[in-house]
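Undergrad: I need the structure of the sequence given here:
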Amino acid sequence: MNAWKRGFITLACMCALNACSKKPDIQFAPHAQDYASKTDFAEVEHVFPLSPKQRDTLTPENLARFSQEELDQIYARLTAGPIPNGEFAGTFFFADGGGVKRISEVLGGLKGIAVDIKLKKMERLGEALWKGKVFYKDQKILRNMIRDRDFLKLIIDGDPDTLPKTKINGVDAWLLFPAKLYCGQSLLDARRESVIIDYAFTDDIEGYRERPDFLAGRRGLQVRDEIRMIRPGFYLGRAYMGRVFVLNFTLYNPSIADRDRSSFLQAGKVQEECWSGTQQTTTASAK
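TA: Purely as a prediction, here's the structure:
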């Protein structure tokens with residue numbers, strides 16, 4: 001049994017124990033819809049620190065049960081952790097559906113594109129097409145994994161088989177939409193850095209393909225992602241188009257998660273490669 005299958009079996013067992021479809025017992029600062037009612041993130045982290053045990057109850061599945069404000073408060077209590085390396089399975093979701101409207105507005109601003117996007121349609125499309133990201137840490141770049149070959153024929157010039165590809169869970173995935181990796185300021189929480197995934201200036205990356213790679217760049221949708229680590233092998237991300245927040249996503253590598261889980265629960269810390277700010281984060285001794 002390979003590491004990916006073993007890792008996903010471990011995740012499935014954790015889901016059964018932690019009730020993946022239910023919201024974990026995470027505390028949040030009280031809030032309403034208006035911005036003035038929201039608590040400062042530094043205070044949220046001070047009053048409601050996230051312990052390693054609490055982070056261990058979070059999964060790609062149950063994160064989608066939280067409201068957007070709750071996800072924002074979770075994200076603000078995280079640090080960037082190590083910059084990922086290798087393949088990470090990905091899922092994306094809209095906590096309140098508002099991101100779909102924002103995507104429609106951004107896409108509608110592009111010449112020649114008419115958009116009428118529904119939430120479920122968008123989520124199904126994402127599940128069918130986008131399968132995650134491959135990080136090349138030493139090169140400070142990544143590529144996105146796209147699974148649907150027929151879809152590729154519609155958006156690329158030439159034969160899809162000329163594209164680089166990999167396998168995830170034994171299924172072919174083509175590598176497109178390169179991006180640059182670096183530590184930088186979060187657009188949500190400036191108290192500490194996030195790992196930034198920047199699509200703006202990627203035409204100098206080896207293997208760049210004008211169509212479709214330009215779509216994510218500065219002449220297209222101006223995509224910028226940022227991620228922070230929930231626990232080893234598991235990251236929560238935020239995607240922006242033109243600096244407008246549009247959706248949440250998760251990245252998960254079961255091999256890393258399985259390998260480093262025990263040490264993280266015991267020590268409560270990981271190697272930080274980005275600036276983690278001056279506010280102390282919780283350790284394993286926290287409740």
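
Undergrad: drop to CA atoms for contacts and neighbour counts, all remaining ones
TA: Will do.

Undergrad: ok, for the one residue sitting closest to the centre of the chain, nearest residue in space, not its chain neighbours?
TA: Closest to where the C-alpha atoms of the chain average out (C-alpha atoms, centre = their mean) is Gly237, at 2.9 Å. Of all residues not flanking Gly237 in the chain, Ile227 sits nearest, at 4.1 Å (C-alpha to C-alpha, 6 or more residues apart in numbering).

Undergrad: isn't the one you found up against Asn248?
TA: No. Using C-alpha atoms under 8 Å, Ile227 makes no contact with Asn248, being 9.7 Å away.

Undergrad: what touches both of those two?
TA: Shared contacts of Ile227 and Asn248, defined by C-alpha atoms under 8 Å, 6 or more residues apart in numbering, are found at Leu236, Gly237, Arg238.

Undergrad: ok so, going back, residue contacts, the residue nearest to the centre of the chain?
TA: Per C-alpha under 8 Å, 6+ apart, neighbours of Gly237: Asp225, Glu226, Ile227, Arg228, Asn248, Phe249, Thr250, Leu251.

Undergrad: got those residues as TSV, with distance to Gly81 and neighbour count columns?
TA: Below are the contacts of Gly237 laid out as TSV (distance: C-alpha to C-alpha, whole Å; neighbours: other C-alpha atoms under 10 Å):
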residue	distance to Gly81	neighbour count
Asp225	16	24
Glu226	12	27
Ile227	9	29
Arg228	7	26
Asn248	18	24
Phe249	17	21
Thr250	15	25
Leu251	13	24
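
Undergrad: could you save those as CSV and add columns showing pLDDT?
TA: Output for these, formatted as CSV (pLDDT from 0 to 100):
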residue, pLDDT
Asp225, 97
Glu226, 98
Ile227, 99
Arg228, 99
Asn248, 93
Phe249, 94
Thr250, 96
Leu251, 97
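
Undergrad: which of these lies closest to Tyr208?
TA: Set against Tyr208, the nearest of the contacts of Gly237 by C-alpha to C-alpha is Asp225 (18.6 Å).

Undergrad: where does the closest one fall, secondary structure wise?
TA: Using DSSP states H and E, the element containing Asp225 is strand 223-231.

Undergrad: show me what that strand is in contact with.
TA: Under the contact criterion C-alpha under 8 Å, 6+ apart, strand 223-231 has outside partners 52, 55-56, 58, 75, 78-82, 186, 194-200, 216-217, 235-243, 257, 261, 264.

Undergrad: distance from it to the middle of the chain?
TA: 5 Å (C-alpha atoms, centre = their mean, to the nearest Å).

Undergrad: next secondary structure after it?
TA: Downstream of strand 223-231, the first helix or strand assigned by DSSP H and E is strand 234-241.

Undergrad: average pLDDT for that next one?
TA: Across strand 234-241, pLDDT averages out at 96.

Undergrad: got the angle for that strand vs strand 223-231?
TA: Counting by axes from the mean of the first three to the mean of the last three C-alpha atoms, to 10 degrees, strand 234-241 lies at 160 degrees to strand 223-231.
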